[in-house]
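Enquirer: Give me a model of this one.
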Amino acid sequence: MTDEDIVKRVQSGDRMAFVELHKRYYQRIWRYVRRSVVDPDTASDIASETFLRAYRSIDRFKVRRDGSFSAFLFRIASNLLTDRARRQPKFQQVSLEDVQDLVEHVPSEEPIPLEQILQEERIARVRRALAQLPLSDRQIILLSYEKGLSVKEIASIMGKPSSTAVTSHLHRALCKLRNLLMGTESNISEGDAQSALEKTEEAGSSG
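Expert: Numbering: from 1, shown residues only. Here you go, the predicted structure:
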């Protein structure tokens, strides 16, 4: 069954059908939250709260108006992360476990070679640089690497007025990240340009 079919079953009274939606999306939501949360237990709490809120409000969910069910979940998770960060400033630490996709899309006029960034100490620098970005910049970067989310859905999740606003914000956020990374990289040679990280526009238009 499609997500829409399951949602309709839940709305018709088959509340146990929601278990299937939980099975389909819990790991995706947990991974998204985990990339913004240092403590895995906190990530689990936020992911669980995401599904609890989705369950409580599912009767008001309308696919055509609210987008896909996955976008609905990411919107709730994003709001929970924002609320937690506002209440607890130190919460704005990040744990970015997987950075390969991210660093490949960091725009740069003097690109950082992928081979160097993927070294353990460089990965740590990417994590620290991401942690310095405003929460909204971090969220839009992370959402842009979630497979299955369209730019339109990201606009809904982030409260953006248009797809253009999403791609513009994403590009600015990635440029900020690149500038932070360039400030920590002092041993980059011009000959490394051939291994540049050149896929920013693909990241902005994916989905």
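Enquirer: how does the chain divide up, domain by domain?
Expert: With domains defined by automatic domain parsing, the chain comprises 1-95, 97-207.
Enquirer: mean pLDDT for these: which is lowest?
Expert: Among these, domain 97-207 carries the lowest mean pLDDT, a mean of 66.
Enquirer: Thought Ser57 was touching Gln11, still the case?
Expert: No: counting by Cβ atoms under 8 Å, Gln11 does not reach Ser57; the two are 11.1 Å apart. Backbone N, C-alpha and C define where each C-beta goes, glycine included.
Enquirer: higher neighbour count, the two?
Expert: Taking neighbours as other Cβ atoms under 10 Å, Gln11 and Ser57 compare with Gln11 leading, 15 against 12.
Enquirer: Please name the residues that touch that one.
Expert: Ile58, Asp59, Phe61 (Cβ atoms under 8 Å, 6 or more residues apart in numbering).
Enquirer: Could you report the separation of it from Phe18?
Expert: Gln11 sits 10 Å away from Phe18, going by Cβ to Cβ, to the nearest Å.
Enquirer: Which neighbours do these two have in common?
Expert: Counting by Cβ under 8 Å, 6+ apart, the residues touching both Gln11 and Phe18 are Ile58.
Enquirer: circling back to that earlier point, got the contacts of Gln11 as CSV, with distance to Leu80, neighbour count and secondary structure columns?
Expert: CSV is the format used below for the contacts of Gln11 (distance: Cβ to Cβ, whole Å; neighbours: other Cβ atoms under 10 Å; DSSP: H, G, I helix; E, B strand; the rest coil):
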residue, distance to Leu80, neighbour count, secondary structure
Ile58, 17, 17, helix
Asp59, 20, 10, helix
Phe61, 17, 16, coil
